[in-house]
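Undergrad: Okay, sequence plus prediction incoming.
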Amino acid sequence: MFDQSLTRSERISVTLTFAFSALVITFLVLPILTIVPLSFNAESILAYPIKEWSLRWYRVLLDNPIWGTVLRNSLIIGVFATLLSTLLGTLAAVGLNRRACPGRGIITAMLMLPMIVPVIITAVASYFFYSRLGLANTYAGIILAHAILGAPFVVITVTATLEQFDNNQVRAASSLGAKPLYTFLTVTMPQIAPGVISGALFAFVASFDEVIVAMFLTGSEQITLPRQMFAGIRENLDPTIAAVATIMIVVSLAILLLAQVMAARLRKRIIPDA
């Protein structure tokens, strides 16, 4: 478990650090997980202790067509926003990786703004901007807004992957007569694929869970799953929301685990000894 070269005091320090980190993670994650048992409560009140366990609210969720509609909207918006943010984020990361890129620091900072600026500011600004273009209350508007929020995740993961990429391979391909697009698809893309896939999955989770921008830009036909959950909490504390939240937690965890597994497999395929 421990490196044999470590002294006893160093081992104690490592153990205490590990234990403290575990406590911090537990403190942060436990409030999220408390909603999971409530989704199996047979009563109509979200409260502990749970007297009777049941799948009642999952059956209500499946029988209510509203939840199916908002889930479909979230998937449509999430998929197209992910595709757009992945394309733009990957191209931006590749361009910023070039030494000849002018103003690299300023451009990177601008691309990271959606992650730094409070989402409410982004939502209000997007609403006024898209309203003038006629994109408010449309699928196109919310997809563009979610793509902006997801692109920084792609830029970060792809940039991290490009740091290990040898640009001499691109020069070698160019010296052999390969065109830039062919070189990118056959030389660069296979090696940065783990970063691209990880960024795309993070972008999808960001879109699938987003509620504030959706409240400003979606109309009655584009209501997403998080927005419907927020409306349910505000108007009536429906226990069905606990079931929806549990499903979203499971989906988010599954996507993050999938990102790690796929990245590891692609990395081993590219670098067998990794």
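TA: Nice, thanks for sending it over.
Undergrad: and the spatially most central residue of the chain, what element?
TA: The chain has F202 as the residue nearest its centroid, 2.6 Å off, counting by CA atoms, centre = their mean. Using DSSP states H and E, F202 falls within helix 189-209.
Undergrad: Return the list of helices and strands in contact with the helix or strand that that helix is followed by.
TA: Counting by DSSP H and E, the element after helix 189-209 in chain order, helix or strand, is helix 212-217. Using 3 or more CB pairs under 8 Å, 6 or more residues apart in numbering; DSSP states H and E, the elements in contact with helix 212-217 are helix 119-133, helix 139-162, helix 225-235. Every residue, glycine included, has its C-beta placed from N, CA and C.
Undergrad: Give the buried residues for the next helix-or-strand element following the longest one.
TA: By that I understand helix 139-162. Using DSSP H and E, the helix or strand that follows helix 139-162 in sequence is helix 168-175. Across helix 168-175, burial judged by 16 or more other CB atoms under 10 Å covers V170, A173.
Undergrad: Show me what helix 168-175 is packed up against.
TA: helix 180-183.
Undergrad: hmm, who's touching the helix it packs on?
TA: V170, A173, S174 (CB atoms under 8 Å, 6 or more residues apart in numbering).
Undergrad: make it 6 Å
TA: V170, A173 (CB atoms under 6 Å, 6 or more residues apart in numbering).
Undergrad: quick one: average confidence on that helix?
TA: Mean per-residue pLDDT for helix 180-183: 78.
Undergrad: these two touch, right, the residue nearest to the centre of the chain and F153?
TA: Yes. Between F202 and F153 a contact is recorded at 4.0 Å, counting by CB atoms under 6 Å.
Undergrad: So Q222 lies in a helix, does it not?
TA: No. Q222: not assigned to a helix; according to DSSP: H, G, I helix; E, B strand; the rest coil it is coil.
Undergrad: ok, it - how many residues close by?
TA: 21 (other CB atoms under 10 Å).
Undergrad: swap in S21?
TA: The number of residues near S21, taken as other CB under 10 Å, comes to 10.
Undergrad: likewise the one 5 residues further on?
TA: T26: 10 surrounding residues under other CB under 10 Å.
Undergrad: Ends of stretch 231-243, what's the gap?
TA: End-to-end distance for stretch 231-243, by CA to CA, to the nearest Å: 15 Å.
Undergrad: can you pull the contacts of the residue nearest to the centre of the chain?
TA: Counted by CB under 6 Å, 6+ apart, F202 has contacts F153.
Undergrad: Please report how far it lies from I142.
TA: 18 Å (CB to CB, to the nearest Å).
Undergrad: Going by neighbour count, list what's buried in stretch 114-132.
TA: P114, T122, A123, S126, Y127, Y130.
Undergrad: how about CSV for those, with distance to I32 and pLDDT added?
TA: Listed next are the buried residues of stretch 114-132 as CSV, based on distance: CB to CB, whole Å; pLDDT from 0 to 100:
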residue, distance to I32, pLDDT
P114, 23, 85
T122, 24, 87
A123, 23, 89
S126, 27, 88
Y127, 29, 89
Y130, 32, 88
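Undergrad: Could you list the low-pLDDT ranges of the stretch 51-200 of the chain?
TA: 101 (pLDDT under 70).
Undergrad: Am I right that A100 is in a helix?
TA: No. Going by three-state DSSP, the assignment for A100 is coil, not a helix.
Undergrad: How many residues are close by it?
TA: 6.
Undergrad: so who does it touch?
TA: Neighbours of A100 in contact, by CB under 6 Å, 6+ apart: none.
Undergrad: how near is it to N167?
TA: Distance from A100 to N167, by CB to CB: 12 Å.
Undergrad: How about Q228: what's its closest non-neighbour residue?
TA: Nearest residue to Q228, sequence neighbours excluded (CB to CB, 6 or more residues apart in numbering): V70, at 4.3 Å.
Undergrad: So that neighbour belongs to a helix, correct?
TA: Yes. Residue state for V70 (three-state DSSP) corresponds to a helix.
Undergrad: can you count the residues close to it?
TA: 22.
Undergrad: before we move on, what about L181?
TA: The burial count for L181: 8, using other CB under 10 Å.
Undergrad: hmm, back to that, taking helix 168-175 as reference, get the angle to the helix holding F202.
TA: 120 degrees (axes from the mean of the first three to the mean of the last three CA atoms, to 10 degrees).
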